[in-house]
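1. build the 3D model from these lines:
(one chain, ligands or ions: 2)
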Amino acid sequence: MGKKLIGPFSQLLSLTNVPVKGALSDQQLVIKEQAGILTENGKIAAIGNYDGLRENHAHDATLVIIEEETVCVPGYIDCHTHIAFAGNRANDFALRNAGASYLEIAKAGGGIWSTVQHTRNASEAELITNIINCSKALIKQGITTIEVKSGYGLSVKEELKILRAIKRAQESIAVDLIPTCLAAHMKPKDYEGTAVDYLEEIASELFPILKEEQLSNRIDAFIEQSAFSAEDIQNYFTKAQKMGFDITVHADQFSTSGSKVAVQYNAISADHLEASHETEIKLLADSNTVAVALPGASIGIGCAFTPARKLLDQGASLAIATDWNPGSAPMGQLMTQATILATTEKLSNAEVFAAITFRAALALNLTDRGRLQPGELADFAIYKTNNYQNITYMQGTLKPDQVWKKGINIYTKGKES
Ligand code: NIG
Ligand code: FE
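-> Numbers count the residues shown, from 1 in each chain. Ligands and ions are numbered 1, 2, ... in the order given. As a prediction, this is how the structure comes out:
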């Protein structure tokens, strides 16, 4: 692939030199004006003044000229989704709004277990279609990397079906899907042994296949009263780590204890944290574990937001993701959710953009994306506006006009396939 010069952009938000941890002010954002991006082999070769780049590269690069006033941002990273599912939980939503709690609905046969029934009944092809459709909806939002969890299979065979579907879906999707094994989403109701027996079976039978077929290098667990306890999960995480898997945790969603386990295992991320208080906030802030806020789950369930302000002020790295799933977070709109969290938690634009770009990349243990700088993937989104502040101000209703992945224009508004 030859070189391409794309631009000029009225503003380019590179996020270069913005720290990985802690609170950020908008003064820390360097906004480059009249900028261009030079790409080569899917990566960024240079970022700089458009006229200067054009002078030097008119002879060896294809020019992609942007005629209108635009703002260019790094491709967003949705670092926590559950889009490999079948079925719908509109009734759970109605029941919650009529006063039932998430955990009460789960106990009564709704919740995760009802999606497990639908997902087990779905074919691999149906799951692939759902993953592709959800991915397309995310791409339109400027998202160029999507984490996708299993977790609605809850047996070796059914978890494999889901993870193979994610791998197959990747063949028809231009953005990167990062698969995570969440076989530890809850103890399946049809499993006769104990929670620990179930986890042992998954670790001994499923983990080796994940390696063999390269289905995932990430192991997640839901640590909660309705799922697995901190004690239950010890051997499971120890085995996973010994085999070289990265650890991530659904932590402190309704009660605390998950964040402690996350830090104990030096997890790449601890996600949810709606119930985290001072002790947990400090633990996370002092660790290298990225705290991931999932405002879509707070909005979907109607519960408190993750204490994002306190986490940042104490020095944590904060990412924000959609948690897109049919139960707690059916919306799947990253910018809308991030900016609603921003108004409640008082997050700066810099904190919002960092949370859905390079900090979200770190939550996936990826260091090759999330900033617009030489050497990183040429993943970016282009908005028709002349001021980057409009992107957060419009709370997700201003959508990108173009999305680029690895130096290729994969989406243009109005020209969807
Ligand atoms: O991240 N909290 C656990 N898992 C999902 C919800 C799954 C579901 O309700 O289907 C979450 O919110
Ligand atoms: Fe989740």
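2. not counting sequence-adjacent ones, nearest residue to the residue in the stretch 251-400 of the chain positioned nearest to ligand 1?
-> Residue nearest to ligand 1 within the stretch 251-400 of the chain: G327 (2.5 Å; CB to the nearest ligand atom). In short, each C-beta sits where N, CA and C put it, glycine included. Leaving aside its sequence neighbours, G327 sits nearest to R89 (CB to CB, 6 or more residues apart in numbering; 4.8 Å).
3. residue contacts, the one you found?
-> When contacts are counted by CB atoms under 8 Å, 6 or more residues apart in numbering, R89 touches 110-111, 114-115, 326-327, 330.
4. would you format those residues as CSV with secondary structure and neighbour count included?
-> Shown next, in CSV, are the contacts of R89 (DSSP: H, G, I helix; E, B strand; the rest coil; neighbours: other CB atoms under 10 Å):
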residue, secondary structure, neighbour count
G110, coil, 19
G111, helix, 20
S114, helix, 21
T115, helix, 23
P326, coil, 24
G327, coil, 26
P330, coil, 19
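5. A355 and A319 touch, don't they?
-> Yes: here A355 reaches A319: they are 5.1 Å apart, a contact under CB atoms under 8 Å.
6. where do the contact lists of the two overlap?
-> With CB under 8 Å, 6+ apart as the test, A355 and A319 both reach A293.
7. ok, which residues in the stretch 251-400 of the chain are in contact with ligand 1?
-> Proximity of the stretch 251-400 of the chain to ligand 1, by CB under 6 Å from any ligand atom, involves residues 253, 297, 323, 325-329.
8. quick one, helices of the stretch 201-350 of the chain?
-> Secondary structure of the stretch 201-350 of the chain (DSSP state H, counting those that start in this stretch): helices at 207-212, 234-242, 258-264, 278-285, 295-301, 308-313, 334-345, 349-355.
9. got a markdown table for those, with mean pLDDT and mean neighbour count too?
-> Putting those into a markdown table (pLDDT from 0 to 100; neighbours: other CB atoms under 10 Å) gives the following:
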| stretch | mean pLDDT | mean neighbour count |
| --- | --- | --- |
| helix 207-212 | 98 | 15 |
| helix 234-242 | 98 | 17 |
| helix 258-264 | 98 | 24 |
| helix 278-285 | 98 | 19 |
| helix 295-301 | 97 | 24 |
| helix 308-313 | 98 | 20 |
| helix 334-345 | 98 | 22 |
| helix 349-355 | 98 | 25 |
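10. now those helices as JSON lines including distance to I31?
-> Listed next are the helices of the stretch 201-350 of the chain as JSON lines, based on distance: least, CB to CB, whole Å:
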{"stretch": "helix 207-212", "distance to I31": "42"}
{"stretch": "helix 234-242", "distance to I31": "41"}
{"stretch": "helix 258-264", "distance to I31": "35"}
{"stretch": "helix 278-285", "distance to I31": "28"}
{"stretch": "helix 295-301", "distance to I31": "26"}
{"stretch": "helix 308-313", "distance to I31": "21"}
{"stretch": "helix 334-345", "distance to I31": "18"}
{"stretch": "helix 349-355", "distance to I31": "10"}
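11. give the contact list for R54.
-> Counting by CB under 8 Å, 6+ apart, R54 makes contact with 5, 36, 63.
12. please redo it, this time with the cut-off set to 10 Å
-> By CB atoms under 10 Å, 6 or more residues apart in numbering, the contact set of R54 is 5, 7-8, 36, 38, 61, 63, 65.
13. for G375, same thing?
-> Contacts of G375 (CB under 10 Å, 6+ apart): 43-45, 368.
14. with L284 instead?
-> Residues in contact with L284 (CB under 10 Å, 6+ apart) are 251-252, 259-260, 262-263, 267, 269-270, 273, 276, 290-291, 311, 314-318.
15. the lowest-mean-pLDDT helix or strand in the chain and ligand 1, any residue contact?
-> One helix or strand of the chain scores below all others by mean pLDDT, DSSP states H and E: helix 102-107, with a mean of 88. No: under the criterion of CB under 6 Å from any ligand atom, ligand 1 is not reached by helix 102-107; the shortest gap measures 7.2 Å.
16. elements contacting that helix?
-> In terms of contacts (3 or more CB pairs under 10 Å, 6 or more residues apart in numbering; DSSP states H and E), helix 102-107 is packed against helix 90-97, helix 111-121, helix 295-301.
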